[in-house]
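**Q** Coordinates for the following, if possible.
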Amino acid sequence: MEGLTVGSRIAVGLWLLAAGLLKSRDGQAFRRAVRHYRVLPRPLATAYGAIIPPSEIAIALLLGSGLAVGLAGLLAALLILSFATAVGLNIHRNRAFDCHCLGSALPMRIGLHTLTLDVLLLVPAMFLVGSRIHGVGLLASGWPIEGGAWSAVGVALGLCYALFSGVPLLLKTTFWQSDSGDPHLYPD
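**A** Sure thing, here's the model as predicted:
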């Protein structure tokens, strides 16, 4: 179990850190994108769009430090669930636009692949909710002293999970056009 905890922390933490940093690069565009989902009233959507990037970074830092991992897992799960809900509602509405999952740096249209990515991130986040961590730090579950080979496997799985859930996203953004350049896409 310790290996899975470390792997889950790495997978979710790396993804949230990258997403938070990339979204922070153009906060105004990200807030417009959140409003474009049309899930929340405009003032609430703007506020939610403003708190998402720093929240992602803070959760990633908690996961990396080993402090309050259960709480960080719960916050990550709630955040990812909100993303999945917004994407699912817009798929249901037959709307397709740039998801801004990784800010405006890597445009990608929402679709079943986006929803799948959210679910793939939700699983390890939910696992962390019930995890008990011993010690502090990236390998706070005791590796390499207590966890041994299983913790090393967990680290490897976490890195692979983060890498392989992100590579398809990067490949899709390379071949898909985004509507982010359309001035009518995110009306103010």
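**Q** those strands in the protein, which residues are they?
**A** Using DSSP state E, the strands assigned to the chain run over residues 101-104.
**Q** any weak-confidence spans in it?
**A** 1-3, 132-188 (pLDDT under 70).
**Q** which residues in it form helices?
**A** In the chain, the segments counted as helices under DSSP state H are 2-24, 27-36, 42-65, 69-92, 112-129, 148-175.
**Q** neighbouring contacts of the fifth one?
**A** So that's helix 112-129. Helix 112-129 has contacts (Cβ atoms under 8 Å, 6 or more residues apart in numbering) with 4-5, 7-9, 11-12, 15, 63, 69-70, 72-74, 76-77, 80-81, 83-84, 87-88, 91, 99, 101, 108, 158, 161, 165, 168-169, 172. C-beta coordinates here come from the backbone N, C-alpha and C atoms, glycine included.
**Q** ok, Val123 to Leu63 distance?
**A** For Val123, the distance to Leu63 equals 15 Å [Cβ to Cβ, to the nearest Å].
**Q** The two: which has the busier surroundings?
**A** Neighbour comparison, Val123 and Leu63: the larger count goes to Leu63, with 28 against 14 (by other Cβ atoms under 10 Å).
**Q** residue contacts, that one?
**A** Arg9, Ile10, Val12, Gly13, Leu16, Val69, Ala72, Gly73, Ala76, Leu128.
**Q** Can you tell me which of the helices of the chain is packed in deepest?
**A** Scoring the helices of the chain by mean neighbour count under mean count of other Cβ atoms under 10 Å gives helix 2-24 as the most buried, with a mean of 24.
**Q** helices or strands up against it?
**A** Where contact means 3 or more Cβ pairs under 8 Å, 6 or more residues apart in numbering; DSSP states H and E, helix 2-24 is packed against helix 42-65, helix 69-92, strand 101-104, helix 112-129, helix 148-175.
**Q** Would you mind giving the orientation angle of the first one with respect to helix 27-36?
**A** This means helix 42-65. If you take axes from the mean of the first three to the mean of the last three Cα atoms, to 10 degrees, helix 42-65 sits at 120 degrees to helix 27-36.
**Q** right, so of the helices and strands packed on helix 2-24, which gets closest to Gly27?
**A** Of all the helices and strands packed on helix 2-24, helix 42-65 sits nearest to Gly27, with 6.8 Å by Cβ to Cβ.
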